[in-house]
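Colleague: with the sequence up front, the predicted model follows.
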Amino acid sequence: MTKTMIMQAAVPLFLVLLPIGLGVTAAFAMINVPGLGMLFNSICGWIPVVNPLVTIISVKAYRDVIKLWLIKCFQINLPRRIIIAPSIVVVAKK
């Protein structure tokens with residue numbers, strides 16, 4: 001659970017602070033790129049999409065439900081696995 005929360009906290013750092021930092025750097029360097037502000041705003045708009053995806057990918061129970069749903073939706077036939085329990089061989093000493 002802690003890893004999920006750390007990743008959810010890191011997403012806004014990359015999707016908000018990075019574009020803002022690049023925009024401020026471009027402003028101080030007097031670099032005028034048309035449409036750069038719209039690009040940065042659209043990147044910031046992805047936070048509501050990426051945060052739930054981080055949760056779905058990182059929490060095993062959610063990930064398993066999504067896998068099962070995709071398998072049913074696309075009718076994927078997975079190969080059957082045969083699990084053989086390890087056997088113990090006892091050698092009698094003479």
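Modeller: Now that the structure is in, tell me what you want to look at.

Colleague: contact partners for Ile66?
Modeller: By C-beta atoms under 8 Å, 6 or more residues apart in numbering, Ile66 lies in contact with Ile56. C-betas here are computed from N, CA, C, even on glycine.

Colleague: tell me how far it lies from Ile6.
Modeller: 21 Å (C-beta to C-beta, to the nearest Å).

Colleague: ditto for Ser42
Modeller: According to C-beta to C-beta, Ser42 stands 25 Å off from Ile6.

Colleague: can you check Arg63 too?
Modeller: Using C-beta to C-beta, Arg63 is found at 17 Å from Ile6.

Colleague: please apply the same query to Thr55.
Modeller: 12 Å.

Colleague: so between the two, which is more surrounded?
Modeller: Between Thr55 and Ile6, counting by other C-beta atoms under 10 Å, Thr55 is the more crowded of the two (15 against 11).

Colleague: what about that one, distance to Ile66?
Modeller: Distance from Thr55 to Ile66, by C-beta to C-beta: 11 Å.

Colleague: same thing with Ile47?
Modeller: The value you get for Ile47 to Ile66, if C-beta to C-beta is used, is 20 Å.

Colleague: kindly report the same for Arg80.
Modeller: For Arg80 relative to Ile66 (C-beta to C-beta), the value is 22 Å.

Colleague: excluding residues flanking it in the chain, which one is nearest Val54?
Modeller: Among residues not flanking Val54 along the chain, Met7 sits closest, at 4.8 Å (C-beta to C-beta, 6 or more residues apart in numbering).

Colleague: count of neighbours near that neighbour?
Modeller: By the criterion of other C-beta under 10 Å, Met7 has 15 neighbours.
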